[in-house]
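Asks: Next one to model:
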Amino acid sequence: MRVYNTRNQQNGDDDYFDRLLSYFQTQFYERIIKMVPIRKSVIYLRTEKNTYVIKGYHTNSRLRLQEAFTTTLKKEGFTKTYLFLTPSVREQLFFEGTYFGSMEYIPPNKSVFSFHSHKSRQEGIELLEQFHQTTASFEARYRTLLPKGHLIEKWTERLNVFSNNLPQLGYFINEPYIADMLSWANWSLEGMETNRSFFQKEPTLILHGDVAHHNFLRDREGQLNLIDFDLISIGPASFDYLQYSNRILPYIDWSFERLSSLKQINKYLQEAAFLYALAYPADIFREWNRMIREKSYTDHIKYKQVMDLNTSQFYARKKFIKHLQKLLD
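Replies: Sure, this is the predicted structure:
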């Protein structure tokens, strides 16, 4: 896990962190030398003998599920990730309504993983493919424990939320942009629904669910690891590959040809359902819905990041979608 030597300077967060540190000091038998927040409910903690990443969960059952899943992953041969550890503590870590688990710390490489190079994109998707191959072997054991992935329904709801936010979004996004995005989304969902049988016939496995670049971690020895399984679900591999495509397209200038150079994705580019799904503006809707929900449009940095989704590559995205529509006509 990456460690950021920064503290959130809001007093409420500082007070919580200080209370949490005091609590951990009473629970760990080993003396705590360093404790640094990485992000909300994720903490780097170093004791005299060990280094951990401490992660919080709202329920004990969610923590136990993560512990069981990562253990199964390792036992079934997927070694490029972390394990949960049993630290030397007085009792289970539980503080102010949050259950904390202790994961092994993966020392990061100086070179941070990103989607900028073809080599990295290929390496990332090969690791994801290995993850799928492993989870397919034990997916049946987790069917009653994990939710099923329903992509069409999820994206329909995301569109509905975006549509309901239009009165506020109109202050930030010009109407022609909104009209295009709504048109793409409706066309995409209609095509996915018509071709729903493709997703239903595809074999199921355990999906990662969040294949963003920050969930690929290169360790000190150069090995790439896959981390953060909070959004795992049961579904077809194409759902993860759609998300991976959506994540990397901005880095390849929305080039259909460059996307097809990844063999794990290329095999899906003959399928109408997958092509329709590629047109859905999942990233734009996700970020704008979050911004409205959290009222973070007053944060200039976050606002600029979200606006860049609309402006910096909008016409490249539009050209890409026109190519998809031409293929499907």
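Asks: What segments of the chain are strands?
Replies: 32-39, 42-47, 51-57, 84-85, 94-95, 98-104, 204-207, 216-218, 224-226, 233-236 (DSSP state E).
Asks: Could you save the ones you listed as TSV and add columns showing mean pLDDT and mean neighbour count?
Replies: Backbone N, C-alpha and C define where each C-beta goes, glycine included. Below are the strands of the chain laid out as TSV (pLDDT from 0 to 100; neighbours: other C-beta atoms under 10 Å):
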stretch	mean pLDDT	mean neighbour count
strand 32-39	94	14
strand 42-47	97	19
strand 51-57	97	20
strand 84-85	96	18
strand 94-95	98	14
strand 98-104	97	19
strand 204-207	98	24
strand 216-218	97	21
strand 224-226	98	18
strand 233-236	98	20
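Asks: Which one of those lies nearest to residue 114?
Replies: The closest of the strands of the chain to residue 114 is strand 216-218. By C-beta to C-beta, the value is 8.8 Å.
Asks: what helices or strands is that closest one leaning on?
Replies: Strand 216-218 sits against strand 224-226, with contacts defined as 3 or more C-beta pairs under 8 Å, 6 or more residues apart in numbering; DSSP states H and E.
Asks: So what are the sheet partners of the strand it packs on and their directions?
Replies: Strand 224-226 pairs in its sheet with strand 216-218 (antiparallel), by DSSP bridges.
Asks: For this structure, give me the ranges with low pLDDT.
Replies: Scanning the chain for pLDDT under 70 picks out 1-12.
Asks: Can you tell me the centre-most residue of the chain?
Replies: In the chain, the C-alpha nearest the mean C-alpha coordinate belongs to residue 210, at 2.2 Å (C-alpha atoms, centre = their mean).
Asks: How about that residue, nearest residue that isn't a chain neighbour?
Replies: Counting by C-beta to C-beta, 6 or more residues apart in numbering, residue 210 lies nearest to residue 231, which is 4.7 Å off, once chain neighbours are set aside.
Asks: tell me which residues in stretch 153-173 are buried?
Replies: For stretch 153-173, a neighbour-count test (16 or more other C-beta atoms under 10 Å) marks 155, 156, 158, 159, 161, 162, 165, 169, 172, 173 as buried.
Asks: quick one on the thing from earlier: quick check: the residue nearest to residue 210 vs residue 207, distance?
Replies: As judged by C-beta to C-beta, to the nearest Å, residue 231 and residue 207 stand 8 Å apart.
Asks: Show me the helices in the stretch 51-200 of the chain, by range?
Replies: 60-75, 118-136, 151-164, 166-169, 175-194, 196-201 (DSSP state H, counting those that start in this stretch).
Asks: I'd like those helices as a markdown table, with distance to residue 305 appended.
Replies: Formatted as a markdown table, those follow (distance: least, C-beta to C-beta, whole Å):
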| stretch | distance to residue 305 |
| --- | --- |
| helix 60-75 | 29 |
| helix 118-136 | 21 |
| helix 151-164 | 17 |
| helix 166-169 | 16 |
| helix 175-194 | 16 |
| helix 196-201 | 31 |
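Asks: nearest to residue 52, of those helices?
Replies: Of all the helices of the stretch 51-200 of the chain, helix 60-75 sits nearest to residue 52, with 13.6 Å by C-beta to C-beta.
Asks: residues of the closest one that come out buried?
Replies: 63, 65, 66, 67, 69, 70, 72, 73.
Asks: For those, which two are the farthest from each other?
Replies: Most distant of the buried residues of helix 60-75, by C-beta to C-beta, are 63 and 73, 15.9 Å apart.
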